[in-house]
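Asks: Next comes the sequence, and after it the predicted model I'd like to discuss.
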Amino acid sequence: MTDATQGAPLPKPGILDIAPYVGGKSAIAGVAEPMKLSSNENALGAGERARAAYEAALKNIHIYPDGRATKLRAAVAEHHGLEPERLIFGNGSDEVFALLNQTYLTAGDNIVCGQYGFLAYRISAKACEAEVKLAPEPGYKAEVDALLEQVDDRTKIVYVSNPSNPTGSYNAAEEIRRLHAALPAHVLLVIDEAYAEFVVEADWETAFPLARDAANIVVTRTFSKIHGLGGLRIGFGYAPLAVAEAVDRIRLPFNVSVPGLDAATAALGDEAHQKASRDLVTTWKPRLTQAIKGFGFEVLPSAGNFVLVLFRDVEQATAASDYLNQKGIIVRPVGGYGLPQGLRITVGTDDQNRAVIDALSEFAAA
Ligand SMILES: Cc1ncc(COP(=O)(O)O)c(C=O)c1O
C-alpha cells in the first residue's frame, strides 16, 4: 500500500510552529444566552445609525465593494483631520498589521513588541518567516528602553499597542515620542490605538500628529471597539504615503465589505453612540476594579474597555473562570499571553457588570 501523505504539500518553514490564535470563547454548554465578556466588544452593540446603514446596504450586496473605500476614507480623514491618501483600510486592524508585515518582512527579519503585546502582530510576522523579539514588561507595561534594546539591524517593525491588550497599560505621549526619536530610520513604528476612544488618562495622546511628519510611523484604529462593529471587520492605518502606496500593492482588491464600509461610515458620525459607549466604560471600570480588589484579587490599572484580574495562580484563575461560566459569564483566560494567572474581563452592561461582581464576591467567599 502506498502512503498517501508521502510527497504531500508541506507548509513553508515556521508555519506549523505558530500556535493558532484562540479567540474569546462565546458559548457555555446549557446556557442559551451567555454574557460574553471575553473579546473586548462593545457591550452596547452597534449604534442605531450603523445598524440602519447596514440594513440599507442589503440592496447592494451583489455589488463588489469600492476597493478604495472612497466614502469611508473621506469620512475618516475628515473626522480625524488626516490626509485621505495616507489611509490603509483593512478587514479589521488585524489585516492592516498582516499587510504591513507582508510588505516589510522577509525571512530572518524581526519585529519587536512588548512581552504581553497583542498576538495578532506576531502570528503574521511568523508567517513571513520573521522572528518575534519580545521586550520584557516587568510592570505589565511596554518600556521604551526595553523595546529599544531588542532593536537590531534586522528589525523592520516595532509594535506598540497603546493602550495595550491584555494588560490595559498605556504609554504616555512623551514615551512614544522618545521611542520614535531613538529608533533607526529604517524601522517602522506601528502604534496600535484600538482602544484610543476609551482613554481618559491626561498624559496619553493620539500619535496621529507625531505620525503626520514622520516617514516611519503608522497609527492604527479599529471600528471593532467604540463603534461596536467587531463582526464587520473594519480597521485602518494612517501611514506615510510611501508606506500606504506600498501596502496597497498587495492588499486584496475588495478587502472590506459593502455593509462594513457603509456601517463604519455611519458609525463615525454617531457621536451619541460613541459617547454612550465611552461613558459606560468610564463609569463601570473603576467600580469593577474597586469591587474586585475588595475581594482580594489584583486588578491592573486599565486604559481600555476591560480589566485584567491577576489571581494567586493558574489554579485559582481557572477556578474563577469556571465559577463565572457556571453563572453564565464568559471571560478571557490569557495564558496564551504568558499570564496564566490572569482573566481579562470586558466592561459589560450594567446588569453584566453587577453579575460579574456578584459572582466574584461569591467565588472569593467560597
Ligand atoms: C490591541 C488590539 N489591537 C487590535 C485589535 C483588533 O482589532 P480588529 O477587530 O480591528 O482587527 C484588538 C482586538 O481585540 C486589540 O486588542
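Replies: Structure received.

Asks: Let's see the pLDDT reported for the residue in the chain positioned nearest to the ligand.
Replies: With C-beta to the nearest ligand atom as the measure, the residue in the chain that lies nearest the ligand is Gly92; the distance is 2.7 Å. C-betas here are computed from N, CA, C, even on glycine. As predicted, Gly92 sits at a pLDDT of 98.

Asks: what's the closest non-adjacent residue to it?
Replies: Nearest residue to Gly92, sequence neighbours excluded (C-beta to C-beta, 6 or more residues apart in numbering): Arg233, at 4.3 Å.

Asks: For burial, what's the neighbour tally of the one you found?
Replies: Counted with other C-beta atoms under 10 Å, the neighbours of Arg233 add up to 20.

Asks: Surely it touches Val96?
Replies: No - counting by C-beta atoms under 8 Å, Arg233 does not reach Val96; the two are 11.1 Å apart.

Asks: Tabulate the CA atom coordinates of the lowest-mean-pLDDT helix or strand in the chain in PDB.
Replies: Every helix and strand in the chain was compared by mean pLDDT, DSSP states H and E; the lowest is helix 119-127, with a mean of 93. Once non-C-alpha atoms are left out, helix 119-127 reads as follows in PDB (Å, rounded to 0.1, in the frame of the first residue of the first chain):
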ATOM      1  CA  LEU A 119      -0.800  38.300  19.500                       C
ATOM      2  CA  ALA A 120      -2.000  39.300  16.000                       C
ATOM      3  CA  TYR A 121       1.300  41.100  15.300                       C
ATOM      4  CA  ARG A 122       3.300  38.000  16.000                       C
ATOM      5  CA  ILE A 123       1.300  35.500  14.000                       C
ATOM      6  CA  SER A 124       1.500  37.200  10.700                       C
ATOM      7  CA  ALA A 125       5.200  38.100  11.300                       C
ATOM      8  CA  LYS A 126       6.000  34.500  11.800                       C
ATOM      9  CA  ALA A 127       4.100  33.600   8.600                       C
END
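
Asks: Next SSE downstream of that helix?
Replies: On the C-terminal side of helix 119-127, the nearest following helix or strand under DSSP states H and E is strand 131-135.

Asks: quick one: the strands in the chain?
Replies: Counting by DSSP state E, residue ranges of the strands within the chain are 35-36, 87-90, 110-114, 131-135, 155-161, 188-192, 217-222, 235-238, 298-299, 306-310, 329-330, 332-334, 339-346.

Asks: need these in a markdown table with mean neighbour count and distance to the ligand, can you?
Replies: Listed next are those as a markdown table, based on neighbours: other C-beta atoms under 10 Å; distance: least, C-beta to the nearest ligand atom, whole Å:
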| stretch | mean neighbour count | distance to the ligand |
| --- | --- | --- |
| strand 35-36 | 22 | 13 |
| strand 87-90 | 25 | 7 |
| strand 110-114 | 26 | 11 |
| strand 131-135 | 18 | 15 |
| strand 155-161 | 25 | 4 |
| strand 188-192 | 25 | 5 |
| strand 217-222 | 25 | 3 |
| strand 235-238 | 26 | 3 |
| strand 298-299 | 16 | 18 |
| strand 306-310 | 24 | 9 |
| strand 329-330 | 22 | 15 |
| strand 332-334 | 23 | 10 |
| strand 339-346 | 23 | 10 |
